[in-house]
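Enquirer: Generate a structure from the sequence data that follows.
(chains A and B)
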Amino acid sequence: MHLRRVTASGTTYRANPWPERHAHQYAIGGRNISGQTPTPTFGDPHRQLRSTRFVTGPHPPLRPDGTRADGIRAVLPHAADERWSEQAVYDSGLEQMLAAEALGYRSVWIAEHHFNDYGLCPLRSPGIVRRGPYHHFASRHGVSLLPLHHPVDLAEELAVLDVVSGGRLDVGIGRGGTLQDYQTFQSDAMTAGPGWRKGSPLMRQSWSGAPFDFQGQFHSAAGVHVRPRPVQRPHPPLFIAPTARTAVALGGPPGPAYAVVILRVAGRAPAAAHLYREVARAAGRREEEVEDLQRRSWGMRVVHVAPDHAEALRATEAPFMGYQRKMSVLALRSHRRDRAELVRPLAPAPALLP
Amino acid sequence: MPNSFDRSRLRLRSFREYLDDGWALIGTPAEVRDGLRQYRDVTGYERVLYGDGTIAAPPPREQPH
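Expert: So this is what the prediction gives:
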């Protein structure tokens, strides 16, 4: 198959030009990792340099049948180098999504961020919806900040995205981070946690396809019939993105939501995974259900590949530290201790850490 | 809450400290492949989300706008 697509910048990508079993051997940017199969050509002489900024490189087949289940989280950040214009950030991000799709990645996750240049996408439901030959590409929200929005309002938008994408939408929700977010959108940081827990059921009820009344601590509704109803039944899969013990624990209580957890703190992921399993068991989930949750969960890694280790370190240190400086600013603005712990030296790692 | 913890304890760590803490998987193809396998084995997570990779962006050679 040699489907071709020309992006706004004139770059041509080939869709699925390699067998699926080999696709994992490629890094975006035209690098031939395996040395055994053709190197993709991007035409643009600067393409390799520019494209290596996201991602990622080789990884093992993660399923017994050799298929992959990989995604790219596109934060649409303002790059660590301030010479990037905002337009360039968007152009680059969208090009990278197209390139990733052509290389066989299965999803793109887009985050909602406000009021800082770490993330330039403030949309609460930033769906990338396209159909046609690239129908395998899923759009995922990683994540929408539920306490900043009315759950029914958000559910309506997401339902539309699920319909127009043909049921390829996954929904990630989080409780948000900065005080400025809460203050600006008149959301109470004190109740963000409970509001998040109670907002999700209201979203699910909104997707039921039937009129309903709802009377809760934070929201109420009467005779609401949300349309359209999502294509996926009973609703699009829900993900949460915990960074703290308390948030991880939210994934444990019995119920149809939070079937999957995204664990974002790479170095602490093993401990968080262990905690999640323990919480789920303590909450009464059956062992096979816990295993299923684990199987459908995602772990996020920041990855950079280069021909040799020294070059990888050299190419990564400055932009990585620029990213950390941005994160430190976020932590200072955060009301949450766990955000601060992303920057602050942590206690000795649990035994589960490698 | 705004003053619920001591912000004076916040500090930016060194690049090496972040790497040692597992923040990023950086290296040759073989190193990254092995690291991902180890990550999968230790966490049980079979799906890998390559995240925030744009942090490694070099500046564009030309500003399009």
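
Enquirer: for chain B, what spans make up the strands?
Expert: In chain B, the segments counted as strands under DSSP state E are B:24-27, B:47-51.

Enquirer: which stretch in the ones you listed is the model least sure about?
Expert: If these are sorted by mean pLDDT, strand B:47-51 sits at the bottom with a mean of 63.

Enquirer: residues in contact with stretch A:200-211?
Expert: A:146, A:151-152, A:154-156, A:158-159, A:171, A:173, A:212, A:214, A:216, A:219, A:221, A:223-226, A:229-230, A:234-236, A:238, A:256-258 (CB atoms under 8 Å, 6 or more residues apart in numbering or on different chains). Every residue, glycine included, has its C-beta placed from N, CA and C.

Enquirer: Show me where chain A has its strands.
Expert: Using DSSP E, strands in chain A cover A:3-6, A:12-15, A:26-27, A:31-32, A:71-74, A:107-110, A:138-141, A:144-145, A:169-174, A:212-215, A:220-224, A:238-240, A:260-263, A:298-305.

Enquirer: what sits against the residue lying closest to residue A:232 once chain neighbours are set aside?
Expert: Closest residue to residue A:232 apart from its sequence neighbours, by CB to CB, 6 or more residues apart in numbering or on different chains: residue A:167 at 4.7 Å. Contacts for residue A:167 were tallied using CB under 8 Å, 6+ apart; they are A:230, A:231, A:232, A:236.

Enquirer: swap the cut-off to 10 Å and go again
Expert: Contact partners of residue A:167, counting by CB atoms under 10 Å, 6 or more residues apart in numbering or on different chains, are A:138, A:230, A:231, A:232, A:233, A:236.

Enquirer: Look at residue 59 and report its pLDDT.
Expert: Defaulting to chain A. For residue A:59, the model assigns a pLDDT of 35.

Enquirer: oops, I was thinking of chain B
Expert: 38.

Enquirer: burial of the residue in chain B that chain A sits nearest to, as a residue count?
Expert: In chain B, the residue that lies nearest chain A is residue B:22 (2.9 Å; CB to the nearest CB). By other CB atoms under 10 Å in any protein chain shown, 21 other residues sit near residue B:22.

Enquirer: Show the end-to-end separation of stretch A:211-222, please.
Expert: Across stretch A:211-222, the terminal residues are separated by 8 Å (CA to CA, to the nearest Å).

Enquirer: For it, which residues meet the burial criterion?
Expert: In terms of neighbour count (16 or more other CB atoms under 10 Å in any protein chain shown), stretch A:211-222 has its buried residues at A:212, A:214, A:218, A:221.

Enquirer: Out of the residues you listed, which is nearest to chain B?
Expert: residue A:218 (18.6 Å).

Enquirer: and the longest helix for chain B?
Expert: Longest helix in chain B, counting residues (DSSP state H): helix B:29-43.

Enquirer: between that one and strand A:298-305, how big is the angle?
Expert: Angle, helix B:29-43 to strand A:298-305, by axes from the mean of the first three to the mean of the last three CA atoms, to 10 degrees: 160 degrees.

Enquirer: elements contacting helix B:29-43?
Expert: For helix B:29-43, the elements it packs on are helix A:269-282, strand A:298-305, helix A:309-333, strand B:24-27, strand B:47-51, judged by 3 or more CB pairs under 10 Å, 6 or more residues apart in numbering or on different chains; DSSP states H and E.

Enquirer: Give the buried residues for that helix.
Expert: By neighbour count with 16+ other CB under 10 Å, helix B:29-43 contains the buried residues B:29, B:31, B:32, B:33, B:35, B:36, B:39, B:40, B:42, B:43.

Enquirer: next one: stretch A:284-298
Expert: A:285, A:290, A:293, A:294, A:296, A:297, A:298.

Enquirer: I'd like the distance between the last one and chain B.
Expert: Right, the one you point to is residue A:298. Remark: distance between residue A:298 and chain B (CB to the nearest CB, to the nearest Å) = 4 Å.
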